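Asker: Kindly return the folded structure for what I paste below:
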Amino acid sequence: MGHIPTIVVACLASVLTGLYFVLPDVVHFTLIVFISAAWFLVAICWLAQKSADYMHKIGGGHEHEEKKS
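Answerer: From the prediction side, this is the model:
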């Protein structure tokens, strides 16, 4: 379930990248800004998911219990 945001943002970035070649030259600068931000979000979502997967693998599903003093 954790990969859904990455897939959705990647689809958005792909569509924006495709629109860059279809839309007129007037909006190219604006599209470059949006495309850069969208691919940056893809990278952040992917890294966050990899981090979560790694932490769950290391933790092994054990819950941490704190001792009360």
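
Asker: ok, Ala38 - how many residues close by?
Answerer: A count of neighbours around Ala38, defined by other CB atoms under 10 Å, yields 18. Bear in mind the C-beta positions are built from the backbone N, C-alpha and C, glycine included.

Asker: residues touching it, list them.
Answerer: Ala38 is in contact with Val9, Leu12, Ala13, Leu16, counting by CB atoms under 8 Å, 6 or more residues apart in numbering.

Asker: now the residues you listed in TSV, with distance to Val27?
Answerer: TSV is the format used below for the contacts of Ala38 (distance: CB to CB, whole Å):
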residue	distance to Val27
Val9	21
Leu12	17
Ala13	16
Leu16	11
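
Asker: export those residues to JSON lines and tack on secondary structure, distance to Ala52 and neighbour count?
Answerer: Output for the contacts of Ala38, formatted as JSON lines (DSSP: H, G, I helix; E, B strand; the rest coil; distance: CB to CB, whole Å; neighbours: other CB atoms under 10 Å):
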{"residue": "Val9", "secondary structure": "helix", "distance to Ala52": "16", "neighbour count": "20"}
{"residue": "Leu12", "secondary structure": "helix", "distance to Ala52": "21", "neighbour count": "16"}
{"residue": "Ala13", "secondary structure": "helix", "distance to Ala52": "21", "neighbour count": "20"}
{"residue": "Leu16", "secondary structure": "helix", "distance to Ala52": "26", "neighbour count": "18"}
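
Asker: Spatially, which two of those are the most separated?
Answerer: Distance extremes for the contacts of Ala38: the farthest pair is Val9 and Leu16 at 10.4 Å, using CB to CB.

Asker: which residues in the chain form helices?
Answerer: Secondary structure of the chain (DSSP state H): helices at 4-22, 28-59.

Asker: in the chain, what spans have low per-residue confidence?
Answerer: Counting by pLDDT under 70, the low-confidence segments of the chain come to 1, 59-67, 69.

Asker: cutoff 90 now
Answerer: In the prediction, the chain carries residues with pLDDT under 90 at positions 1-3, 52-69.

Asker: For Ile58, state which of the contacts of Ala38 is nearest.
Answerer: Taking the contacts of Ala38 together and measuring to Ile58 by CB to CB, the closest member is Val9, at 26.1 Å.
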